[in-house]
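J.: need the 3D shape of this:
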Amino acid sequence: MLITKFNPFTPFPFLESALKDLALEPEAHRPWAPAVDILETENELVVKADLPEVKIEDISIQLEDGTMLLKGERKFEKSSEKGGYHRLERSYGSFSRHFALPDSVDAEKVAAAFKDGVLTITLPKKEIAKPRTIQVKVS
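T.: Numbers count the residues shown, from 1 in each chain. This is a model prediction of the structure:
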């Protein structure tokens with residue numbers, strides 16, 4: 001009996017070549033999404049996105065119809081030296097993230113800061129939406 005090694009791609013050679021292309025060409029724009037933390041405080045929502053090696057010029061934030069769109073691109077830079085990579089695990093190319101915003105966000109006062117590869121977007125709440133305490137007097 002002849003024993004052969006099982007190759008799941010044998011019936012689909014086009015799939016095998018496509019996967020090889022993705023593994024060998026990081027600039028093929030594999031989809032990726034940056035990790036995001038969203039914190040809500042009494043006065044604001046804070047969105048923090050990890051964007052290492054992304055230039056500020058390559059980041060865009062858009063607010064429209066109760067949605068925030070965060071998009072940008074991390075470009076792959078080929079090394080000019082003769083050596084090559086042993087492993088490429090980080091993704092490169094364009095990214096896009098959509099976030100539904102509550103009606104309590106004041107879109108006119110949104111601020112963003114970019115430091116050490118972390119984008120921080122501060123979305124203040126409208127005065128109406130902030131919690132308040134009312135004293136009840138007993139007579």
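
J.: which parts of this structure are helices?
T.: For the chain, the helices defined by DSSP state H occupy 13-24.

J.: nearest the middle, which residue of it would you pick?
T.: P34 (2.8 Å; Cα atoms, centre = their mean).

J.: contacts only, for it.
T.: Residues near P34 by Cβ atoms under 8 Å, 6 or more residues apart in numbering: 49-51, 70, 95, 97. C-beta here means a position set from N, CA and C on the backbone, and glycine is covered the same way.

J.: tell me the one of those nearest V110?
T.: Nearest to V110 among these is L70, at 11.9 Å by Cβ to Cβ.

J.: compute the distance between that closest one and R87, please.
T.: Per Cβ to Cβ, to the nearest Å, L70 is found 28 Å from R87.

J.: what's the answer for K71, then?
T.: According to Cβ to Cβ, K71 and R87 sit 27 Å apart.

J.: the two: which has the busier surroundings?
T.: K71 (14 against 5; other Cβ atoms under 10 Å).

J.: need the contact list for the closest residue in space to the more buried one that isn't next to it in sequence.
T.: In space, and not counting its chain neighbours, K71 is closest to S96: 4.3 Å by Cβ to Cβ, 6 or more residues apart in numbering. Counting by Cβ under 8 Å, 6+ apart, S96 makes contact with 33, 69-71.

J.: keep only those of the residues you listed that are in strands.
T.: 69-71 (DSSP state E).

J.: and of those, the nearest to A113?
T.: L70 (13.8 Å).

J.: was I right about that closest one contacting V54?
T.: No - assessed by Cβ atoms under 8 Å, L70 is found out of contact with V54, at 11.0 Å.
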